[in-house]
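Engineer: Got a sequence here, can you model it:
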Amino acid sequence: MTFQEKLDAAVRQNDSLLCVGLDSEWSKLPAHLQGGAEDAQLAFNRAIIEATSDLVCAYKPNTAFYEARGLAGWQVLMETVKLIPQHIPVILDAKRGDIGNTSRLYAEAFFDAMGVDAVTVHPYMGTDTVSPFLAYPDKAIFVLVKTSNQSAVEFEDLPQPDGRKLYEHVAGQVAIWNREYPGTAGIVAGATYPEDLVALRRQLPEVPFLIPGVGTQGGDVQATATAAGSNAIINASRAVIFASGGTDFAERARNAADALRQEINLYRV
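Structural biologist: Next up is the predicted model:
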């Protein structure tokens, strides 16, 4: 099964374009989980996954929230991936990209050792930095194209000699990679730039879009869902997983996820 096939099946089964980001920052975990029999971060993730797994099309753990804890955090990350039901894609938000040999080892670490379905990568160093990831026909990468952060425009909107902006040039390269490695390359495009999202969907009508920026960052759900089309993975992290800091955190996370899923579905194209 390819990544796209797995994603499509999860979208159909759960009637959802919602991805929940497992950005489980240690300092924000509910106090009552501290000192329990299970690592607090893992207990938190377990509860979030159990509460939302019938509402999502994917999960997206960000490695930073685990790497910061050293070995314990890496262990929690690997255990978290195992907790996610097999039919739901796992997108590892690692933002890797290095010379070819190093990228090959990153790909082995995430796809082989950890077993995730997709990884976010940055394209700054060119094709040889992403080709080791693309060599896995049943996996996928999500290339940083137009990110959701405020200062993204400093580089990503730089004009090119052909009149396009840099992010449009990168999107064109993603199209080339998809022709060379069919079905393995998607893009990251932020909900905070809805007009650019529209332009990118015109440029890349078929590839999957991983869309951060809805929720805490303020991206508009209607504009995002309308622009992105059906092959979209709309991510929310803090707005869902930290909907409550109390003992009801899992229930409140479920409520937040379901409300967002339903809102997205109102505007799905």
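
Engineer: Assign the residue nearest to the spatial centre of the chain to helix, strand or coil.
Structural biologist: Closest to where the C-alpha atoms of the chain average out (C-alpha atoms, centre = their mean) is Lys60, at 4.6 Å. Following DSSP: H, G, I helix; E, B strand; the rest coil, Lys60 is assigned to strand.

Engineer: Over to Ala223?
Structural biologist: Note that with three-state DSSP, the state of Ala223 is helix.

Engineer: do the one 10 residues further on as well
Structural biologist: Going by three-state DSSP, the secondary structure assigned to Ile233 is strand.

Engineer: How about Ala94?
Structural biologist: strand.

Engineer: Does Ala51 touch Glu251 like I think?
Structural biologist: Yes. Judged on C-beta atoms under 8 Å, Ala51 makes contact with Glu251 at a distance of 6.8 Å. For every residue, glycine as well, the C-beta is placed using N, CA and C.

Engineer: With neighbour numbers in mind, choose between these two.
Structural biologist: Taking other C-beta atoms under 10 Å, Ala51 and Glu251 do not tie; Ala51 has more neighbours (21 against 14).

Engineer: Pull the number of nearby residues for Thr49.
Structural biologist: Wrong residue type there; residue 49 is Ile, not Thr. 20.

Engineer: Wait, it touches Glu79, no?
Structural biologist: No. Applying C-beta under 8 Å, one finds Ile49 not in contact with Glu79, separated by 11.1 Å.

Engineer: shared neighbours, these two?
Structural biologist: Both Ile49 and Glu79 lack any common contact, where contact means C-beta atoms under 8 Å, 6 or more residues apart in numbering.

Engineer: May I have stretch 221-228 as PDB, with CA atoms only?
Structural biologist: Extracted C-alpha coordinates of stretch 221-228, given in PDB (Å, rounded to 0.1, in the frame of the first residue of the first chain):
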ATOM      1  CA  VAL A 221     -10.900  26.800   8.200                       C
ATOM      2  CA  GLN A 222     -13.300  27.700   5.400                       C
ATOM      3  CA  ALA A 223     -10.600  29.400   3.300                       C
ATOM      4  CA  THR A 224      -8.200  26.500   3.900                       C
ATOM      5  CA  ALA A 225     -10.600  23.700   3.200                       C
ATOM      6  CA  THR A 226     -12.000  25.400   0.100                       C
ATOM      7  CA  ALA A 227      -8.500  26.100  -1.300                       C
ATOM      8  CA  ALA A 228      -6.900  22.800  -0.500                       C
END
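
Engineer: pLDDT (mean, whole number) over it?
Structural biologist: For stretch 221-228, mean pLDDT is 94.

Engineer: so who does the residue nearest to the centre of the chain touch?
Structural biologist: For Lys60, the contacting residues are 19-22, 90-93, 210, 235, 237, by C-beta under 8 Å, 6+ apart.

Engineer: From the residues you listed, list the buried ones, please.
Structural biologist: Neighbour counting by 16 or more other C-beta atoms under 10 Å classes 19-22, 90-93, 210, 235, 237 among these as buried.

Engineer: Counting by contacts, list what the lowest-mean-pLDDT helix or strand in the chain packs against.
Structural biologist: Of all helical and strand segments in the chain, the minimum by mean pLDDT, DSSP states H and E falls on helix 153-156, at a mean of 92. Under the contact criterion of 3 or more C-beta pairs under 8 Å, 6 or more residues apart in numbering; DSSP states H and E, helix 153-156 touches helix 166-180.

Engineer: how about the helices of the chain, start to end?
Structural biologist: In the chain, helices defined by DSSP state H lie at 3-14, 40-52, 64-67, 71-83, 100-107, 127-134, 153-156, 166-180, 194-203, 221-228, 238-241, 249-267, listed in chain order.

Engineer: Make sure Asn149 is actually in contact with Tyr193.
Structural biologist: No. In terms of C-beta under 8 Å, Asn149 does not count as a neighbour of Tyr193; the distance is 10.1 Å.

Engineer: can you name the farthest residue from the center of this protein?
Structural biologist: Outermost in the chain, C-alpha atoms, centre = their mean: Pro161 at 31.3 Å.

Engineer: picking up where we left off before, could you tell me how far the least confident helix or strand of the chain lies from the centre of the chain?
Structural biologist: Distance of helix 153-156 from the chain centroid (C-alpha atoms, centre = their mean, to the nearest Å) equals 21 Å.
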